[in-house]
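Undergrad: Have a look; sequence and predicted model below, questions after that.
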Amino acid sequence: MHNDVNTFNPYLMAVQQFDLAAEKLKLSEDMREILRLPKRELAVNFPVRLDSGRIKTFTGYRVQHNVNRGPAKGGIRYSPEVTLDEVKALAMWMTWKCAVVGIPYGGAKGGVICDPKTMTPAELERLTRRYTTEISIIIGPHSDIPAPDVNTNSQVMAWMMDTYSMHGGFSIPAVVTGKPLSIGGSEGRNDATATGVLFVTRRAASRMGMSLKGARVSIQGYGNAGGIAARLFHNEGCKIVAVSDTRGGIYNEAGLDPAVVLRHKQERGSVIDFPHAQNISVQQVLEVPCDILVPAATEGVITAANADRVQARIVSEAANGPTTPEADAILFKKGCMVIPDILANAGGVTVSYFEWVQDLQSFFWGVEEITKKLEMIMNRGFDAVAAEADHFGCDLRLAANMLAISRVAEATQIRGIYP
Ligand code: NAD
């Protein structure tokens, strides 16, 4: 099974990572067969009326990988690049992510093939409402709970919650997470992914005897995960030397002010052409001199072709699937610590879990309590994975996958095979 840059397939990569861990765990072939495949794959083709009056048919997916540890959970992505294999990979990673941090969920993911940048808010609302209706046969507050991902946000979650509630005839806030506060969202959810990335990176830095104060950080992607990570790492005393979005990157070895960069992006549509910084390519942002690299955009960006040029000592994966197994081996060999996605970005699903619990109980917590509980879960997750890595003398990805897969296999085994 080969995954080069031009034929990159996230699902093949997810299975390749799974097989490495399953082999090391000596998992039975029967169990491997169960866990390699998603439990359910739903594809939907549905018409949406555009503002021009034209009716365009869109394709969307919802995949549930495994639900043996609890209801399925995972984000919804809107992008022209969405494929069924990408959604399958992301659903599988969600299963391992929830298991590695000990959240009682299984894994799911959804996506719609569309280009939201070319659509009006009204068109996006109609697309969201129809897609929600199409997948409502498998989502629900006790079965499968969506959340935001690339190009979806709290407004999209509000439309999903409203559509699902209209069908029920009453408000069902627990059907999605990442909602606005006014309709049952949680304090801390917006910053949760980046906050979790900061917590585990702090843990990793202290393990390497490195201080975050003054550490140089480069970030690929300037959305919910990357943009907020820039602000939080900056507040922690790090120097943000480079950031990027789809159109390109910017670099300044003296450091960038994330709030000013954000304003620039909001005004100009991109981080590029920022005054007092040099424009660089999307690829170069991964290769600039830095101590910590935060990929926070998309899959398959650190590969065998560029891993050697990564200069960071820590790679903290805010994005899902940014590093291929071949690149993992190269980075491990040169002493770079990769904090794997299923651990590094688990802060998002952790606070989503808090939101769901609060919605089900109709009892809401303050931000201090949420941040404290999040920190406890992220630190516990990091320490468990680091202990596993020390025990097996392996990298953190293999350790995290082994820990997660053994927990899901145990749940699967103990529940037994129906009928
Ligand atoms: P977003 O839509 O808010 O932002 C994505 C950013 O990445 C944008 O700045 C975009 O310009 C940039 N980008 C997209 N494709 C790119 C490419 N090919 N090269 C360079 N930049 C590119 O999305 P997000 O929610 O921040 O998600 C980013 C990553 O983080 C994804 O992998 C997602 O699965 C992961 N993640 C997000 C959350 C969350 O809570 N939002 C939680 C866990 C993981």
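TA: Noted; the coordinates are in hand.
Undergrad: give me the residue from the protein nearest the ligand.
TA: Evaluated by Cβ to the nearest ligand atom, the chain has residue 223 as its residue closest to the ligand, separated by 1.8 Å. In this view, the C-beta of every residue, glycine as well, is placed from N, C-alpha and C.
Undergrad: residues from the protein in reach of the ligand?
TA: Within the chain, the positions adjacent to the ligand are 148-151, 193, 220-226, 244-246, 282, 296-298, 318-320, 345, 348 by Cβ under 6 Å from any ligand atom.
Undergrad: Give me the phi and psi for residue 396.
TA: phi -70, psi -30 (degrees, to the nearest 10).
Undergrad: Return the per-residue confidence for it.
TA: For residue 396, the model assigns a pLDDT of 98.
Undergrad: Neighbours of it, how many?
TA: For residue 396, the count of nearby residues is 26 (other Cβ atoms under 10 Å).
Undergrad: Kindly report the same for residue 56.
TA: So residue 56, with other Cβ under 10 Å, has 14 neighbours.
Undergrad: beta partners of it?
TA: Listed beta-bridge partners, residue 56: residue 48 (assigned using DSSP bridges).
Undergrad: show me what contacts it?
TA: By Cβ atoms under 8 Å, 6 or more residues apart in numbering, the contact list for residue 56 reads 47, 48, 50.
Undergrad: measure it to residue 123 for me?
TA: Between residue 56 and residue 123 the distance, using Cβ to Cβ, to the nearest Å, works out to 9 Å.
Undergrad: Same question for residue 228.
TA: Distance, residue 228 to residue 123, using Cβ to Cβ: 27 Å.
Undergrad: ok, the two, which is more surrounded?
TA: Taking neighbours as other Cβ under 10 Å, residue 228 and residue 123 compare with residue 228 leading, 23 against 18.
Undergrad: so where do the helices sit in the protein?
TA: Ranges of helices in the chain, per DSSP state H, are 10-25, 29-36, 84-100, 121-135, 154-168, 189-207, 224-235, 258-268, 325-333, 341-344, 347-361, 367-392, 396-415.
Undergrad: ranking these by burial, who's on top?
TA: Highest mean neighbour count among the helices of the chain (mean count of other Cβ atoms under 10 Å): helix 341-344, with a mean of 30.
Undergrad: I'd like the average pLDDT over that helix.
TA: 98.
Undergrad: what's that helix in contact with?
TA: 93, 96-97, 100-101, 196-197, 200-201, 316-322, 381-382, 385, 396, 400-401, 404.
Undergrad: Please apply the same query to stretch 7-16.
TA: Where contact means Cβ under 8 Å, 6+ apart, the residues beyond stretch 7-16 that reach it are 1, 3, 36, 85-86, 88-90, 92-93, 299-300, 303, 321, 324-325.
Undergrad: rerun at 10 Å
TA: If you take Cβ atoms under 10 Å, 6 or more residues apart in numbering as the criterion, stretch 7-16 is touched by 1-3, 22, 32, 35-38, 63, 65, 83-93, 96, 298-301, 303, 320-321, 323-326, 401.
Undergrad: so residue 231 sits right up against residue 191, yeah?
TA: Yes. The pair residue 231 and residue 191 qualifies as a contact (Cβ atoms under 10 Å) at a distance of 8.4 Å.
Undergrad: re the thing from before, give the ChimeraX command for selecting the buried subset of the residues of the chain next to the ligand.
TA: Here is the ChimeraX command that selects the buried residues among these (16 or more other Cβ atoms under 10 Å):
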select :148,149,150,151,193,220,221,222,223,224,225,226,244,245,282,296,297,298,318,319,320,345,348
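Undergrad: Select from the residues of the chain next to the ligand every entry located in strands.
TA: Cross-referencing the residues of the chain next to the ligand against strands under DSSP state E gives 148, 220, 244, 245.
Undergrad: any idea how far residue 54 is from the first one?
TA: Applying Cβ to Cβ, the value for residue 148 to residue 54 is 28 Å.
Undergrad: And the second one, by the same measure?
TA: Counting by Cβ to Cβ, the gap from residue 220 to residue 54 is 36 Å.
Undergrad: And the third one, by the same measure?
TA: Separation of residue 244 from residue 54 (Cβ to Cβ): 34 Å.
Undergrad: ok, now residue 241?
TA: Counting by Cβ to Cβ, the gap from residue 241 to residue 54 is 46 Å.
Undergrad: Give me the more crowded residue out of the two.
TA: Remark: of residue 241 and residue 54, residue 241 carries more neighbours, 24 against 8, as counted by other Cβ under 10 Å.
Undergrad: Does residue 148 touch residue 161 like I think?
TA: No. Counting by Cβ under 10 Å, residue 148 stays clear of residue 161, with 12.0 Å between them.
Undergrad: a markdown table for the helices of the chain, including distance to residue 111?
TA: A markdown table is the format used below for those (distance: least, Cβ to Cβ, whole Å):
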| stretch | distance to residue 111 |
| --- | --- |
| helix 10-25 | 11 |
| helix 29-36 | 20 |
| helix 84-100 | 5 |
| helix 121-135 | 10 |
| helix 154-168 | 12 |
| helix 189-207 | 18 |
| helix 224-235 | 16 |
| helix 258-268 | 24 |
| helix 325-333 | 23 |
| helix 341-344 | 17 |
| helix 347-361 | 16 |
| helix 367-392 | 26 |
| helix 396-415 | 22 |
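Undergrad: Residue 275 is nearest to which of those helices?
TA: helix 258-268 (8.0 Å; Cβ to Cβ).
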